[in-house]
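no FASTA, just this:
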């Protein structure tokens, strides 16, 4: 399988600012998912966008998907110190149930 | 929370010893996965199961074996641990279809 690529690898912002993370992939997908991981913890699912969707919102999260460019972005608006975590994209290929993860973006929100 | 537990949560072992990690779920999910997480590599799939006694290899399966004798338990075995297997191991479950995976809290394994 082909791993997703995320950028930036690390992002440091001030509270109240918006944070944008990007993910790219190389194959055909059923859906793309974003997960969050606090230090020393397991991953928690944030949002899932299907291949026939272009944009999805959940609270302060906005995800876009461009299947022609094979890319997705996660926007966190009005960030808070509690948003400090690693964020991973993961895509489910059309051929099965497995997820392929990106390497993650470490977000630090400074109070 | 999908009710996924992993045991042990931390383990230190010596090179060459066998190690078994256990994942237990209470959600009756069909699919179960073992990943390892290392700095700079994100999560990489080791093995997965698509039903009782049905398993398949992931991208980093060398040196690992798995077993699933009942729906709720998925075991990962390192037959002879090596230092390169020092990592954090995560179990995940999935009900099937286009839905998210649910992750356990992780097991930190150190091989000395």
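Great, that's in hand. Predicted, not measured: the structure shown is a model, and the values here were computed from it.

which residues touch the residue sitting nearest the centre point of chain B?
Centroid-nearest residue in chain B: residue B:34, 2.9 Å away (criterion: CA atoms, centre = their mean). Each residue near residue B:34 by CB atoms under 8 Å, 6 or more residues apart in numbering or on different chains is listed here: B:21, B:23, B:45-48, B:58, B:64, B:66, B:74, B:76, B:89-91. C-betas here are computed from N, CA, C, even on glycine.

Doesn't it lie inside a strand?
Yes - judged by DSSP: H, G, I helix; E, B strand; the rest coil, residue B:34 forms part of a strand.

what sits opposite it in the beta ladder?
residue B:47, residue B:91 (DSSP bridges).

Please report how far it lies from chain A.
For residue B:34, the distance to chain A equals 12 Å [CB to the nearest CB, to the nearest Å].

quick one, which residue of chain B lies the farthest from its center?
residue B:98 (21.2 Å).

hang on, it packs against residue A:29?
No - counting by CB atoms under 8 Å, residue B:98 stays clear of residue A:29, with 9.9 Å between them.

got the end-to-end distance for stretch B:68-76?
End-to-end distance for stretch B:68-76: 9 Å, by CA to CA, to the nearest Å.

Need the residues touching each of residue B:98 and residue A:29.
Contacts common to residue B:98 and residue A:29, judged by CB under 8 Å, 6+ apart, are residue A:92.

among the contacts of residue B:34, who's most crowded?
Neighbour counts for the contacts of residue B:34, by other CB atoms under 10 Å in any protein chain shown, peak at residue B:74, which reaches 30 neighbours.

Is there any residue in the host helix or strand of that residue that contacts chain A?
Here residue B:74, judged by DSSP states H and E, is contained in strand B:73-78. No - residues of strand B:73-78 are not located near chain A by CB under 8 Å from any CB of the partner chain, the shortest gap being 14.6 Å.

State the number of residues packed around residue A:39.
Neighbours of residue A:39 (other CB under 10 Å): 8.

Confirm for me that it is in contact with residue A:85.
Yes - in this structure residue A:39 lies within contact range of residue A:85 using CB under 8 Å: 7.5 Å.

So for the nearest residue to residue A:93 once chain neighbours are set aside, what's the pLDDT?
For residue A:93, ignoring the flanking residues on the chain, the nearest one in space by CB to CB, 6 or more residues apart in numbering or on different chains is residue A:27 at 5.3 Å. Looking at residue A:27, its pLDDT stands at 90.

mind pulling up the phi and psi values for residue A:27?
phi -120, psi -180 (degrees, to the nearest 10).

what do you get for residue B:84?
Main-chain torsions, residue B:84, degrees, to the nearest 10: phi -70, psi -10.

cool, residue A:17 as well?
phi -80, psi 160.

Let's test this: what are the backbone torsions at the nearest residue to it once chain neighbours are set aside?
Once flanking residues are discounted, residue A:17 sits nearest to residue A:79: 5.7 Å by CB to CB, 6+ apart. Backbone torsions of residue A:79, given as degrees, to the nearest 10, read phi -60, psi 160.

Surely residue A:79 touches residue A:109?
Yes - counting by CB under 8 Å, residue A:79 does reach residue A:109; the two are 4.6 Å apart.

what is in contact with the two at once?
A:13, A:15, A:17, A:19.
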